[in-house]
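**Student:** when you get a sec, could you give me coordinates for this:
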Amino acid sequence: MSDNQFFVLADGTVTVLAPHLYRRQDLSDDEMFYAVPRLVTHIDDGAINALSGFYASMLEPGTRILDLMSSCVSHLPNGVAYEEVVGLGMNHTELKANPQLSRYVVHNLNRDPRLPFGDQSFDACLIAVSIQYLVRPAEVFRDVGRVLKAGAPMIVSYSNRLFPTKAVMIWQMLDNEDHGHLVAHYFETSGCFGAAEVKDLSPDPGVSDPLFVVVGRRSATQHGLE
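**Tutor:** This next block holds a predicted model:
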């Protein structure tokens, strides 16, 4: 993020999102960290089922879906025929192993937040339990707005798991409630989305992994859309 931004925590505290808050412990190239395939899920079965159920309620059959920061799983509901599911991630082997992807692109959003897709190409965008690794979130959200059609949802989910050396500092400073406020802030400052809504989908608090989603819809008044 190039400029300081003011971010209001759940308790009303005002925090300046200075650029240093998007630094990480591991400053090496992301390609090195993600070079080894991790053919595993990053939330437990209860949270996965909750996320799949939410996707089923939000995503229409026959639509084109962009799965950003994708891996070997997309958590989309089984038995639903989408027109296309396009994955963008960091590891070729993981993406190739994902049976729900129609096609995929290996691309580092931290190096280049510009998405390799045309304007208004997709009906929905997903970022599943990976938002904590973006060092330029506002730029990514802004370009997601470019590739989404008017009214299309962007669904960002998060839990409490992470790779601590690659998660940005601000994420590790906050709790689950303020994580939702932070992601909503990304939507707001992108200039491409209406007001975001945070939902707690945790299936069995205290037992299963927590799960939250933040949903924003592409505004019809940005980038020349009528």
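**Student:** give the buried residues for stretch 144-162.
**Tutor:** Using 16 or more other C-beta atoms under 10 Å as the test for burial, stretch 144-162 gives 144-149, 152-159, 162. For every residue, glycine as well, the C-beta is placed using N, CA and C.
**Student:** the residue nearest to Ser70 when sequence neighbours are not counted: what's it in contact with?
**Tutor:** Of all residues not flanking Ser70 in the chain, Gly87 sits nearest, at 3.5 Å (C-beta to C-beta, 6 or more residues apart in numbering). Residues counted as contacts of Gly87 (C-beta atoms under 8 Å, 6 or more residues apart in numbering) are Asp67, Ser70, Ser74, Leu95, Asn98, Leu101, Arg103, Tyr104, Val105.
**Student:** and if we set it to 6 Å?
**Tutor:** Counting by C-beta atoms under 6 Å, 6 or more residues apart in numbering, Gly87 touches Asp67, Ser70, Leu95, Leu101, Tyr104.
**Student:** that one: what secondary structure?
**Tutor:** Assigned with DSSP: H, G, I helix; E, B strand; the rest coil, Gly87 falls in the strand class.
**Student:** bridged to it, which residues?
**Tutor:** Legend: beta-bridge partners of Gly87 under DSSP bridges are Asp67, Tyr104.
**Student:** between which two of the contacts of Gly87 is the distance greatest?
**Tutor:** The largest separation in these, counting by C-beta to C-beta, is between Asp67 and Leu95 at 9.4 Å.
**Student:** many thanks, I have nothing further to ask.
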